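Enquirer: Sequence first, then the predicted structure:
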Amino acid sequence: MIDIKFLRENPDVVKENIKKKFQDKKLPLVDEVIELDEERRASMAKADELRANRNKLSKEIGALMAQGKKDEAMAIREKVTAQAKELEELAAKEKELNEKVTSIMMVIPNIIEDSVPIGKDDSENVEVERFGEPVVPDFEIPYHTDIMESFDGIDLEAAGRVAGNGFYYLMGDIARLHSAVISYARDFMIDRGFTYVVPPFMIRSNVVTGVMSFEEMDAMMYKIEGEDLYLIGTSEHSMIGKFIDTITPEEKLPLTLTSYSPCFRKEKGAHGIEERGVYRIHQFEKQEMVVVCKPEESKMWFDKLWKNTVDLFRSLDIPVRTLECCSGDLADLKVKSVDVEAWSPRQKKYFEVGSCSNLTDAQARRLKIRIKGEKGNYLAHTLNNTVVAPPRMLIAFLENNLQADGSVLIPEALRMYMGGKDRIIPKK
C-alpha cells in the first residue's frame, strides 16, 4: 500500500504506474480516493475546530458559574451540547471515510522500480543470467512421477482417495530425499547468518490483508470455517506478521530469518500437462528467507537473497537461471521480483523453483512495522525469497541427477542428510 500523501502529491505518477501494470480499470480510483481524502481532511479540520471551540466555551462556562451568572452559563452549555452532537456525527463520518479511503488504497498497486521490464504477463518476463551448463543426457528422462514410482516413492492414487487431487504420499528414499533437501536448506541459510524459525501455520485475517493483495488472497488462501484463521500459503505470511504493530530499534536491524513451514494453496485455475504430478499442488513444504531492514538497504538485500537460492541449487549440481518479472506479472505489493528457474533435462527448458521479492514499505505500512531512529520512527522495508520448495524442487533434483541405469546420484553436500548414501537405487 502506497502512502496517501504520495498519491495526493503525485497522482499522475500513480496513474502511470497503474498503466504500466496493465490495470487501467483502476485508474478512476486515484481521483476517487483524492476526493474522499479531501472530504475526510475537511471533516477532520471541522472536528478540530469544534473541539477547540468547545474547550474555549467550557472555560467560559466555568468563569460565568464562578461569577454567579448561571443563566448565561446554561445558554453556553446548550451550545456545547449541540456541538457535541455535531462532533459525534463528524466522528462517524470520519470513520466511514477512513474505511473507504483504506479500501481503495489497498487495491492501488505499489510503485514498481524503474528497472522492471514492462509486460502484460509472465510470458514477457526477461532472462537475466544463467548459472551452470544445462545438460541433456543421451538417454530418455521419464516424467518426474515415473522416476519417483521407480523407487516406490510416491502414491498419488491413495492420496486422491484420502484428500483428492493435488495431494500426495511420498515414501522411502524419495520421502527421505525430500526431508534431506529441507534440512540442507535450513543449515545452508543458518551458515549464512540467518536465524532459523518455525512459525505459526495459521494467521488471522488482519495479517492476511497486511501481507498480500485481495487477488492473491482469493486465489491462494484456505479459511478455517467458523474462525478468524487462515492456513498460510507460505511462511512469509506469518513471519512478516510476527512484526505487526512493533517498533524495532535501528541498531537491531537487519532482521534476517529463515523459516520452515508446510504451505497450503488453493491453486485456482486449469494447468497444463507439465504441472501434473507434484508440480502444482495444494500442500507442500518450504524453506523461506525473510528480511526486515532499513529502506536504504533493501536493494542490497534483494540481490543477496536471490543469490542465496542460486548458490544453493548450484551446490546440488542443478543449473539455474534468473528471470526478471515484468510489470504485469508483479503482485500489487511488490516493487521488484526475480524468479529462480531450474533446468529440466526432460523438458529441455527451465521452470520456476523460487521467487525473490522486494515489497519496500507496502507490508510495513499495512501492518505498522516501524523502525526507531534518531530522528523518530519510520516504516521498515520487507523482503522474502524461496530457499527451496520441495517436492517441486525434487523434480529438478531427480532429473538433473538421474543416471542411465535409473539410479539417482546424491551430491556430496546432501550425503550427510541421506545417511552417507552417494546414490539411491530404484526398486523397479
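Expert: Cool, the structure landed. Numbering: from 1, shown residues only.
Enquirer: Quick check: residue 137 touching residue 404?
Expert: Yes: using C-beta atoms under 8 Å, residue 137 is in contact with residue 404, at 7.2 Å. Any C-beta I mention is one placed from the backbone N, CA and C, and that applies to glycine too.
Enquirer: Look up the closest residue to residue 26, ignoring the ones flanking it.
Expert: Using C-beta to C-beta, 6 or more residues apart in numbering and skipping residues adjacent in sequence, the residue nearest residue 26 is residue 18, 5.1 Å away.
Enquirer: how close does residue 175 get to residue 79?
Expert: 77 Å (C-beta to C-beta, to the nearest Å).
Enquirer: My error: substitute residue 42 in the last question.
Expert: 22 Å.
Enquirer: if you count what's nearby, which of those two comes out ahead?
Expert: When residue 42 and residue 79 are compared for neighbours, residue 79 comes out ahead with 14 against 11, by other C-beta atoms under 10 Å.
Enquirer: did I read that right, the more buried one in a helix?
Expert: Yes: Residue 79: assigned to a helix according to DSSP: H, G, I helix; E, B strand; the rest coil.
Enquirer: Quick one: neighbours of residue 51, just the number.
Expert: Residue 51, neighbours per other C-beta under 10 Å, totals 14.
Enquirer: do the same with residue 394
Expert: 22.
Enquirer: Tell me how far it lies from residue 62.
Expert: Residue 394 is 78 Å from residue 62, by C-beta to C-beta.
Enquirer: And for residue 366?
Expert: Relative to residue 62, and taking C-beta to C-beta, residue 366 is found at 44 Å.
Enquirer: Neighbour count: these two, which is higher?
Expert: With neighbours defined as other C-beta under 10 Å, residue 366 and residue 62 compare such that residue 366 has more, 22 against 11.
Enquirer: Wait, the more buried one touches residue 210, no?
Expert: Yes: the criterion here is C-beta under 8 Å, and residue 366 meets it with residue 210 at 4.1 Å.
Enquirer: can you list residues touching both of these two?
Expert: By C-beta atoms under 8 Å, 6 or more residues apart in numbering, residue 366 and residue 210 have no common neighbours.
Enquirer: Can you show me the helices along the stretch 301-428 of the chain?
Expert: Applying DSSP state H, counting those that start in this stretch to the stretch 301-428 of the chain gives helices spanning 362-367, 392-401, 412-415.
Enquirer: buried set for the longest one?
Expert: Just to be clear, that refers to helix 392-401. 392-401 (16 or more other C-beta atoms under 10 Å).
Enquirer: farthest pair in these?
Expert: Greatest spatial distance among the buried residues of helix 392-401 (C-beta to C-beta): 392 and 401, at 15.5 Å.
Enquirer: So which other helices or strands are in contact with the lengthiest helix in the chain?
Expert: Secondary structure assigned by DSSP state H gives helix 27-66 as the longest helix of the chain. Where contact means 3 or more C-beta pairs under 8 Å, 6 or more residues apart in numbering; DSSP states H and E, helix 27-66 is packed against helix 4-9, helix 11-20, helix 70-105.
Enquirer: I'd like these laid out as a markdown table, including mean pLDDT and distance to residue 346.
Expert: Putting these into a markdown table (pLDDT from 0 to 100; distance: least, C-beta to C-beta, whole Å) gives the following:
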| stretch | mean pLDDT | distance to residue 346 |
| --- | --- | --- |
| helix 4-9 | 95 | 48 |
| helix 11-20 | 98 | 36 |
| helix 70-105 | 81 | 45 |
